[in-house]
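J.: give me a model of this one.
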Amino acid sequence: MTFFRTSILFLAFLTFACTTNHEKYTFEYAEPEDHGFSQSGLDSLSAFLEEKGSSSMILMVDEKIIFEWGNTEQVHTIHSIRKSMLNSIFGIAVHDGLIDTNATISELGIDDIHGLTDGEKSARVADLLKSRSGVYHSAAAVSEGMLRGKPERNSKEPGSHYYYNNWDFNVLGYILEEKTGESIFELYNEQIAKPLGMHHFDGRYESFDADTIQNESDFELPLTSGFYQYERSKSKYPAYHFRMSAKDMALYGQLYLNKGKWNGSQIISKSWIEESTKPHSIYNERFGLAYGMLWSVLAPTENRSGGSFYHTGTGVHMLGVYPSSNMVLVHRVDTEKEYTFTGNDLLTMIDLVFEAKL
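T.: This next block holds a predicted model:
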């Protein structure tokens, strides 16, 4: 019996070690001036971040950190940037032939608690990726701002109209898990976090149903790398939330700046990244703001050539990829606590970054 129990414990330890241990990426640092940035300009940025209540920020240029502020190893929720995290593992599944982006949600057996019409069920996976499904069913983790712009059910044909739609994003997560047989967080850990050498993401996750929370002030978010947020009175499909550090997010941005290649291996297909970061839906022509596939995109304007892409979270977090500057930008705010940083502050932060360029 003692030998049997010892063997079981050894196997459990071996399994834990194999799933959690991997070589962590070694970040390189460089002087800002050597990569086209003014130290005095970055000092102004530091003062602004301190004043406004950021938690951390990283600028990586030419694969080296030229600016690091705050606790870049602190792990907290990334909010809507979760969609860009899904992009990679979804793209891998498409490349592997597990998902057909031309398949309709009817063909995939997708329905929801309030029922979908035949017209809604004609939406393709490609429409969901572009947030153009035309399905305006209630969904988990929808903000008041999203509700204000939400069209009426069956008012738009699938593929015809862009609306930033959490129903689309949540269902994409479900489709991925159904086709792969694994959780989003386990897939991300194996296919992205480990190959990149992420420092803090380990694939562990929990779940909760927001409908059962009696007192929000007493509720504590799970402290795992991921968690599912159900709201079963609204939809059967949960939101999948990521909790990450600024350093791990910077590595992810660098993977996309590298067109999906890492240490000589093509982790994500180059064509998938290029298609994902095209401006499929321009929603602000004046400023060239657009949505691609699970990424926001800066479309070409009179003043810029385009090519940059990003995603924000609750208006204050940001992961930005700027190919023309060979730069990755990560900005974080500890939104798991009370915070004062605003959406306007985020815009000012971006201005300060580019004003610091020599």
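
J.: just the strands in the stretch 201-350 of the chain please.
T.: When secondary structure is read from DSSP state E, counting those that start in this stretch, the stretch 201-350 of the chain shows strands at 205-209, 226-230, 239-244, 261-262, 265-266, 281-284, 289-291, 296-298, 309-313, 317-322, 327-332.

J.: which one of those lies nearest to residue 169?
T.: Taking CB to CB as the criterion, residue 169 comes closest to strand 239-244 out of those, the separation being 7.6 Å. The way it works is simple: take the backbone N, C-alpha and C, and place the C-beta from them, glycine included.

J.: relative to strand 205-209, how tilted is that closest one?
T.: Compare the direction of strand 239-244 with that of strand 205-209 by axes from the mean of the first three to the mean of the last three CA atoms, to 10 degrees and you get 140 degrees.

J.: count of residues packed around residue 212?
T.: Close neighbours of residue 212, defined as other CB atoms under 10 Å, add up to 10.

J.: coming back round to it: redo the strands of the stretch 201-350 of the chain as CSV? Include mean pLDDT.
T.: Supplementary listing: those in CSV, determined by pLDDT from 0 to 100:
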stretch, mean pLDDT
strand 205-209, 97
strand 226-230, 98
strand 239-244, 98
strand 261-262, 98
strand 265-266, 98
strand 281-284, 96
strand 289-291, 98
strand 296-298, 98
strand 309-313, 98
strand 317-322, 98
strand 327-332, 98
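
J.: of those strands, which approaches residue 176 most closely?
T.: Judged by CB to CB, the one of those that comes nearest to residue 176 is strand 239-244, at 9.3 Å.

J.: in JSON lines, list the strands of the stretch 201-350 of the chain along with mean neighbour count.
T.: Output for the strands of the stretch 201-350 of the chain, formatted as JSON lines (neighbours: other CB atoms under 10 Å):
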{"stretch": "strand 205-209", "mean neighbour count": "16"}
{"stretch": "strand 226-230", "mean neighbour count": "21"}
{"stretch": "strand 239-244", "mean neighbour count": "26"}
{"stretch": "strand 261-262", "mean neighbour count": "16"}
{"stretch": "strand 265-266", "mean neighbour count": "10"}
{"stretch": "strand 281-284", "mean neighbour count": "14"}
{"stretch": "strand 289-291", "mean neighbour count": "21"}
{"stretch": "strand 296-298", "mean neighbour count": "22"}
{"stretch": "strand 309-313", "mean neighbour count": "22"}
{"stretch": "strand 317-322", "mean neighbour count": "24"}
{"stretch": "strand 327-332", "mean neighbour count": "26"}
